[in-house]
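Peer 1: Need the 3D shape of this:
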Amino acid sequence: MDPIKKKLDKHGELVRAIVEGRARFHEVSSDLSAEDAAGVRRQALEELKGVSLETTGSFTLDADRASRRHCENFIGAAQIPVGITGPMSVRGESVDKDEEIYVPLATTEGALVASVNRGCRAIREAGGAVVRVEDVGMTRAPAFRTSGVEQTREFLQWVKDNEEEIRTVTEGTSRYLRLIDIRPQSFGSSIYLRFRFESGEAMGMNMATIACDRVVRELIEPATGVTCVALSGNYCVDKKPSAINFLEGRGKKIFAEVTLDGGVLKRSLKTNARALVEVQYRKNLLGSIASGSMGFNAHFANVLAAFFLATGQDVAQVVEGAMGVTCVEPRGPEGVYASVYLPDVPLGVVGGGTALDTQKEALALLGAQPSTKEPGAGVRRLAEILGATVLAGELSLLSAFTSGDLASAHEKLGRGAIPETPA
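Peer 2: Residues are numbered from 1 along each chain as shown. Take a look at the predicted model:
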């Protein structure tokens with residue numbers, strides 16, 4: 001039985017009010033603790049729908065933080081299995097090549113962790129993945145409406161002439177925020193200003209939003225008389241695949257590469273150079289062209305989603321992070337050079353879901369924590385590890401296509417028999 005139900009007798013009137021439609025879930029008394037309020041909502045749902053939410057109510061996260069900072073109408077938690085891969089060898093600028101990195105992945109897809117683990121082994125045997133990260137900045141692009149082309153031109157000139165004042169206002173909203181540039185785009189009476197910011201150890205979306213809101217309300221609209229129609233005009237571009245993010249980047253650009261000789265290909269990946277190069281060419285490149293895909297890769301999204309869930313990133317941004325290119329080319333008599341390029345990966349080690357308890361533990365396991373000496377070093381480390389992990393996933397899956405192991409691995413690991421629980 002849900003232990004919190006024992007406390008609910010004194011809250012029975014609240015439950016009845018919700019069930020009878022006299023109160024809504026968000027109207028549960030603020031006098032209750034977060035756990036008690038969640039229990040009231042769960043009991044009301046159980047009575048309304050005739051289901052049990054006992055497991056949903058069993059969690060270890062901080063209910064007060066979760067309900068105040070992360071999730072409204074809080075009722076509990078959804079549990080996702082977390083597996084470990086590694087050790088991974090990363091030759092980065094924030095990760096030492098001699099470190100053994102163990103990467104937690106949260107997923108419900110059988111075979112994913114095992115597949116990435118196989119790629120980790122191949123990379124380790126090859127001497128490690130070389131990874132470099134470029135911080136291209138977090139973007140937010142308000143949309144404005146003018147009377148027409150002439151006012152549009154006047155507005156854009158004003159923005160250009162007053163960039164330093166705009167910088168002062170935006171950077172005044174956070175000591176960690178720095179305005180990199182403003183890129184305008186206009187169509188007749190519509191204008192979009194793509195603000196780009198450095199945001200230290202944070203992913204920075206909320207910081208950029210707050211900064212843009214303030215500069216629009218306090219400076220741009222009063223000074224120009226031009227109305228801001230939407231604080232986000234989809235020219236940012238957040239949580240959508242887009243050509244501008246593919247070409248210019250957003251958040252972190254990640255480059256990872258490794259050279260694998262014939263022995264590693266045969267031992268660890270059960271493949272050979274010729275087969276691996278061909279499947280990359282026909283699947284990732286030509287197949288993506290044929291479908292009009294913006295992701296020229298095997299399964300960036302799989303690894304990104306599992307990594308994001310484990311480390312507290314904004315999972316919806318997987319849709320942009322999954323854009324990118326995997327390359328495999330012959331190198332030497334029997335080897336290959338393999339690389340991945342991820343142009344649009346929003347990441348942070350502070351803020352958002354990174355503050356949740358299990359996500360904090362995952363970040364600690366990776367050694368990806370805020371740096372007091374060098375702001376941004378923690379998130380760069382996280383990005384380097386992610387780049388190597390994505391490369392490991394690509395190598396393993398592409399190799400599985402060449403060896404015919406894909407279906408059998410999913411059948412074995414994703415549909416394996418579940419042992420009976422002893423009585």
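
Peer 1: How many neighbouring residues does Ser147 have?
Peer 2: The local packing of Ser147 (other C-beta atoms under 10 Å) involves 11 other residues. Where C-beta positions appear, they are placed from N, C-alpha and C, glycine not excepted.

Peer 1: same check, this time on Val325
Peer 2: Val325: 17 neighbours (other C-beta under 10 Å).

Peer 1: part of a strand, is Leu391?
Peer 2: No. Per DSSP: H, G, I helix; E, B strand; the rest coil, Leu391 lies outside any strand segment and is helix.

Peer 1: Secondary structure class of the residue nearest to it when sequence neighbours are not counted, three-state.
Peer 2: Spatial nearest neighbour of Leu391, chain neighbours left out: Ala256 (4.4 Å); criterion: C-beta to C-beta, 6 or more residues apart in numbering. On the three-state scheme (three-state DSSP), Ala256 is labelled strand.

Peer 1: is it true that Ala256 touches Gly387?
Peer 2: Yes. Ala256 is in contact with Gly387 according to C-beta atoms under 8 Å; the separation is 3.7 Å.

Peer 1: between these two, what contacts are shared?
Peer 2: Jointly contacting Ala256 and Gly387 under the rule C-beta atoms under 8 Å, 6 or more residues apart in numbering are Ala129, Val131, Val340.

Peer 1: Turn those into TSV, columns for pLDDT and distance to Gly21.
Peer 2: Listed next are those as TSV, based on pLDDT from 0 to 100; distance: C-beta to C-beta, whole Å:
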residue	pLDDT	distance to Gly21
Ala129	98	57
Val131	98	55
Val340	98	53
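
Peer 1: Quick check: of the residues you listed, which has the highest neighbour count?
Peer 2: When neighbours are taken as other C-beta under 10 Å, the top entry among those is Ala129 (33 neighbours).

Peer 1: And that one, how far from Gln157?
Peer 2: Distance of Ala129 to Gln157, given as C-beta to C-beta, to the nearest Å: 47 Å.

Peer 1: Thr139 too?
Peer 2: In terms of C-beta to C-beta, Thr139 sits 22 Å off from Gln157.

Peer 1: Same drill for those two, tell me which one is more crowded.
Peer 2: Legend: neighbour count by other C-beta under 10 Å for Thr139 and Gln157, higher for Thr139 (29 against 10).

Peer 1: I'd guess that one is in a strand, am I close?
Peer 2: Yes. With three-state DSSP as the criterion, Thr139 is part of a strand.

Peer 1: my read: it touches Phe195, true?
Peer 2: Yes. Using C-beta under 8 Å, Thr139 is in contact with Phe195, at 6.4 Å.

Peer 1: Common neighbours of these two, please.
Peer 2: The contact sets of Thr139 and Phe195 overlap at Ala208 (C-beta under 8 Å, 6+ apart).

Peer 1: List the contacts of Ile398.
Peer 2: Quick fix: residue 398 is Leu, not Ile. Residues in contact with Leu398 (C-beta under 8 Å, 6+ apart) are Thr271, Leu276, Val279, Gln280, Lys283, Asn284, Ala298, Thr326, Val328.

Peer 1: of those residues, closest to Gly50?
Peer 2: Using C-beta to C-beta, Ala298 comes nearest to Gly50 of those, at 43.2 Å.

Peer 1: Mind checking what secondary structure that closest one has?
Peer 2: With three-state DSSP as the basis, Ala298 sits in coil.

Peer 1: Can you tell me the closest non-neighbouring residue to Cys228?
Peer 2: Nearest to Cys228 is Val216, by C-beta to C-beta, 6+ apart, at 4.7 Å.

Peer 1: From Tyr341, how far off is that neighbour?
Peer 2: Distance of Val216 to Tyr341, given as C-beta to C-beta: 34 Å.
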